[in-house]
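>>> Pasting the sequence and the predicted coordinates here, then a few questions.
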Amino acid sequence: MSRKPNIFREVRDWREVVQTRIEDDVYSDDLEIEYKRLEAIDEILRYLKTLAWISHGKTKERIQYYLKKAGLNARTTAAAFDTSVNAIEVSVKYVSDKIRSLIDVPLSVIEQAKDVSSVESGLANFRKVTETGALVYRYFLAGVDPYLPKPQYNPKLRLEDCRKEISLIAVFAHYAEHVLVRECDLDKLAHVLSLVSSLNGSKYDREALDHFFSGEFIQIKAGGYLEIEEQLNQMYQWHQTNKQNPYID
């Protein structure tokens with residue numbers, strides 16, 4: 001099986017295919033779809049040119065040269081930077097794989113679309129992922145995605161089978177507002193936030209919360225984590241012990 005080209009080559013080649021369809025099928029009923037697909041591809045190309053997802057300056061400089069001056073040629077790029085072809089190929093693969101993991105789903109939707117609305121749907125998802133950072137996780141609070149598994153469809157599972165998982169992850173989505181705004185006393189929540197973000201109050205209060213939110217009271221128990229209430233009990237026990245003993249730092 002041949003290796004898939006990097007994202008830059010793939011989108012470039014894809015655009016050429018769509019242009020050929022438009023030129024060859026001037027009177028085709030699918031012409032409107034192909035023009036819409038071409039518009040979507042051009043928007044994707046404009047985003048790829050920005051290299052907005054690359055933070056390392058040296059890598060960005062090399063990839064810019066690769067795209068704009070070397071004609072997507074690793075050997076030409078390597079010569080310009082006095083480095084090995086392999087070094088350039090590794091860099092290209094890294095940045096390609098990184099952005100592909102983000103935009104591959106909407107790209108596939110656009111590529112396989114059979115009508116204009118499907119192209120527009122794929123493009124809308126592309127815009128969302130490039131703005132928020134993740135298509136699959138756009139419903140959830142920032143920072144939760146490292147703890148989630150890679151998306152994998154399982155035809156053996158029904159939605160009803162996932163009830164527990166949906167209820168738990170909802171805490172990091174719309175239910176977060178309910179928990180924080182409607183279930184919490186906002187004055188008390190503000191007090192806790194002050195303790196974890198400043199030097200206000202007792203150092204024992206601050207340190208107890210630091211230990212708690214850092215997960216130091218989580219303690220593995222019979223192959224699992226302690227429930228939150230048990231962790232809170234541990235925290236308050238630590239707080240009481242340390243507050244009463246002046247020799248404990």
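Structure received. Remember, predicted model here, so these are calculated numbers, not experimental data.

>>> could you give the mean pLDDT of the top helix by length along the chain?
In the chain, taking DSSP state H as the definition, the longest helix is helix 85-112. Helix 85-112 comes out with an average pLDDT of 91.

>>> how about that helix: buried residues?
Buried residues in helix 85-112, counted by 16 or more other C-beta atoms under 10 Å: 88-89, 91-92, 95-96, 99, 102-103, 105-107, 109-111. In short, each C-beta sits where N, CA and C put it, glycine included.

>>> Stretch 180-199 too?
Quick answer for stretch 180-199 (16+ other C-beta under 10 Å): Leu195.

>>> Any idea how far that stretch is from the middle of the chain?
28 Å (C-alpha atoms, centre = their mean, to the nearest Å).

>>> Find the least confident helix or strand in the chain, judged by mean pLDDT.
Least confident helix or strand of the chain, by mean pLDDT, DSSP states H and E, is strand 220-221 with a mean of 61.

>>> Helices of this structure, start to end?
Ranges of helices in the chain, per DSSP H, are 7-24, 31-50, 57-68, 74-80, 85-112, 116-132, 163-169, 175-177, 186-197, 203-213, 228-244.

>>> Count the neighbours of Ser118 for me.
When counting by other C-beta atoms under 10 Å, one arrives at 16 neighbours for Ser118.

>>> so it touches Glu111, yeah?
No. Ser118 lies out of contact with Glu111 (C-beta atoms under 8 Å); the separation is 10.3 Å.

>>> if we can go back for a sec, which pair of the buried residues of helix 85-112 spans the longest distance?
Ile88 and Val109 (31.0 Å; C-beta to C-beta).

>>> Contacts for stretch 184-196 next, please.
The contact list for stretch 184-196 (C-beta atoms under 8 Å, 6 or more residues apart in numbering) reads Leu180, Asn200, Gly201, Asp205, Arg206, Leu209, Asp210, Phe213.

>>> Now do it, average pLDDT.
In the prediction, stretch 184-196 has an average pLDDT of 87.

>>> how about the CA coordinates for it, as CSV?
Below are the C-alpha coordinates for stretch 184-196, written out as CSV (Å, rounded to 0.1, in the frame of the first residue of the first chain):
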residue,chain,number,x,y,z
CYS,A,184,-22.5,26.3,43.8
ASP,A,185,-22.7,29.2,46.1
LEU,A,186,-21.0,31.8,44.0
ASP,A,187,-19.6,33.7,47.0
LYS,A,188,-18.0,30.5,48.4
LEU,A,189,-16.7,29.6,44.9
ALA,A,190,-15.2,33.1,44.5
HIS,A,191,-13.5,32.6,47.9
VAL,A,192,-12.0,29.3,46.8
LEU,A,193,-10.8,30.8,43.6
SER,A,194,-9.2,33.6,45.5
LEU,A,195,-7.3,31.1,47.7
VAL,A,196,-5.9,29.3,44.6
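
>>> From Pro5, how far off is the nearest residue to Tyr47 once chain neighbours are set aside?
Nearest residue to Tyr47, sequence neighbours excluded (C-beta to C-beta, 6 or more residues apart in numbering): Thr130, at 5.7 Å. For Thr130, the distance to Pro5 (C-beta to C-beta, to the nearest Å) stands at 21 Å.

>>> Which one's more surrounded, these two?
Per other C-beta under 10 Å, whichever of Thr130 and Pro5 has more neighbours is Thr130, with 20 against 14.

>>> Okay, now the unreliable bits of this structure?
1-2, 26-28, 132-139, 142-146, 151, 220-223, 244-249 (pLDDT under 70).
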